[in-house]
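>>> Give me coordinates for this.
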Amino acid sequence: MVIVTLQRDKCIGCNYCAEFAPEYFRMSKKDGKSVLLKSLDKKGFHTLKTPHHQAAESCEKAAKACPVKIISVKEV
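This is a model prediction of the structure:
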């Protein structure tokens, strides 16, 4: 199981996440911030749980590229 978390409120709209992991991230046309696709929002933390282990690789690249470090990736 891979758990990806995005603190959307702190997003600066750099677009790196959408470039490195386009199957999991998109940029909002409304406010220019990142959107973690198919995630659940709980108090500003958007969380995606997926059994697909290939998600870890692309989301980890997005997390490392993020200049404000608001993406976390865990494998459990």
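>>> Can you name the element that comes right after the longest helix that the chain contains?
Longest helix in the chain, counting residues (DSSP state H): helix 54-65. Per DSSP states H and E, the first helix or strand lying C-terminal to helix 54-65 is strand 71-75.
>>> Low-confidence ranges, the chain, go.
Counting by pLDDT under 70, the chain contains no low-confidence range.
>>> other SSEs contacting the longest helix of the chain?
Secondary-structure packing of helix 54-65 (3 or more CB pairs under 8 Å, 6 or more residues apart in numbering; DSSP states H and E): strand 2-7, helix 16-20, strand 71-75. To be clear about C-beta, it is placed using only N, CA and C from the backbone, and glycine gets the same treatment.
>>> what separates the longest one from the chain centre, distance-wise?
To tie it back to what came earlier, the one meant is strand 2-7. Distance of strand 2-7 from its chain centroid, counting by CA atoms, centre = their mean, to the nearest Å, is 6 Å.
>>> could you give the angle of that strand to helix 54-65?
30 degrees (axes from the mean of the first three to the mean of the last three CA atoms, to 10 degrees).
>>> got a list of contacts for strand 2-7?
Residues outside strand 2-7 that contact it (CB atoms under 8 Å, 6 or more residues apart in numbering): 17, 24-25, 34, 36, 39, 44-53, 55-56, 59, 70-76.
>>> Give me the buried subset of the residues you listed.
Neighbour-count burial (16 or more other CB atoms under 10 Å) is assigned, among those, to 17, 24-25, 34, 36, 39, 45-46, 48, 50, 55-56, 59, 70-73.
>>> what number of residues lie near the nearest residue to Lys61 once chain neighbours are set aside?
Excluding its sequence neighbours, the residue lying closest to Lys61 (CB to CB, 6 or more residues apart in numbering) is Phe20, at 4.2 Å. For Phe20, the neighbour count with other CB atoms under 10 Å is 20.
>>> List the contacts of Phe20.
Counted by CB under 8 Å, 6+ apart, Phe20 has contacts 58, 61-62, 65.
>>> Kindly report the same for Glu23.
37, 55, 58.
>>> a markdown table for the helices and strands packed on helix 54-65, including distance to Lys29?
Formatted as a markdown table, the helices and strands packed on helix 54-65 follow (distance: least, CB to CB, whole Å):
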| stretch | distance to Lys29 |
| --- | --- |
| strand 2-7 | 17 |
| helix 16-20 | 12 |
| strand 71-75 | 20 |
